[in-house]
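S.K.: here you go, sequence then predicted model.
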Amino acid sequence: MLDGQQGSGVTSPPGHVVCNVGHLPTAHDEDLRATVRSSLDIMNELSEGDLDSHGATPGFMANLLCVLPKPGMRRPLLHPGWQSVKEVNLSVWTDEQAAASWYRKSHAHANIVADHQQGRLRTFGNLLLTLKPTKVVRQRRCRACAAVAEGLFTDRCPRCSAPTFELPAF
């Protein structure tokens, strides 16, 4: 998980989500290494690359990568024994233009796209889609009674007035 605009004062709701669900049907070692390495390179670019005056990538809110292996029946000595692997990557942005601008400039993203298009990835396939939120609801929890408190800045519980747990903008 990589948080983007923490501390930059941005509290706008997410406006654009890029979702990439990759599938490695044979848990091919080289493809798995390449895609995970690419994801880490992308996260490094997002956290250290073309930053604004607040030290954040413009419009970037968060990135989440989940690697989900499907265990195999046998466990070889030098291999994890996975039958297949799914990689789910969600990248959250304030708006579509900010995401598009970053993707156009990203060397790490360009490199993995080239690997994909030129056949250097041997088994990797993916579903790539973008999502636009239709509703954004932020809910905090009360520290005392565990009630739900609606809103990003709701510091007190509506039921018992105790403090709520902090909730980042994303």
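M.R.: Thanks, I have it.
S.K.: excluding chain neighbours, what is closest to Leu167?
M.R.: Distances taken as Cβ to Cβ, 6 or more residues apart in numbering place Arg140 nearest to Leu167, at 4.8 Å, with adjacent residues excluded. C-betas here are computed from N, CA, C, even on glycine.
S.K.: quick check: phi and psi at that neighbour.
M.R.: Dihedral angles of Arg140 (phi, psi; degrees, to the nearest 10) stand at phi -100, psi 160.
S.K.: need the contact list for it.
M.R.: Listed by Cβ atoms under 8 Å, 6 or more residues apart in numbering, the contact partners of Arg140 are Val148, Ala149, Gly151, Leu152, Thr154, Thr164, Phe165, Glu166, Leu167.
S.K.: kindly report the same for Arg159.
M.R.: With Cβ under 8 Å, 6+ apart, Arg159 has these contacts: Cys142, Cys145, Ala147.
S.K.: just the buried ones from those residues, in ChimeraX syntax?
M.R.: Those of those that count as buried under 16 or more other Cβ atoms under 10 Å are selected in ChimeraX with:
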select :142
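S.K.: next step: the contacts of Arg159 restricted to strands.
M.R.: Among those, no member falls in strands (DSSP state E).
S.K.: turn the contacts of Arg159 into JSON lines, columns for distance to Leu121 and pLDDT.
M.R.: Formatted as JSON lines, the contacts of Arg159 follow (distance: Cβ to Cβ, whole Å; pLDDT from 0 to 100):
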{"residue": "Cys142", "distance to Leu121": "47", "pLDDT": "98"}
{"residue": "Cys145", "distance to Leu121": "51", "pLDDT": "98"}
{"residue": "Ala147", "distance to Leu121": "48", "pLDDT": "98"}
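S.K.: that older thread, farthest-apart pair in the contacts of Arg140, please.
M.R.: Farthest apart among the contacts of Arg140 by Cβ to Cβ are Val148 and Glu166. That separation is 14.9 Å.
S.K.: what about those two, which has more around it?
M.R.: Neighbour comparison, Val148 and Glu166: the larger count goes to Val148, with 14 against 7 (by other Cβ atoms under 10 Å).
S.K.: beta partners for that one?
M.R.: Counting by DSSP bridges, Val148 forms beta bridges with Arg141.
S.K.: just checking, it touches Arg138?
M.R.: No. Applying Cβ atoms under 8 Å as the test, Val148 and Arg138 come out as separate, 10.4 Å apart.
S.K.: isn't His109 right next to Tyr103, touching?
M.R.: Yes. Counting by Cβ under 8 Å, His109 does reach Tyr103; the two are 5.6 Å apart.
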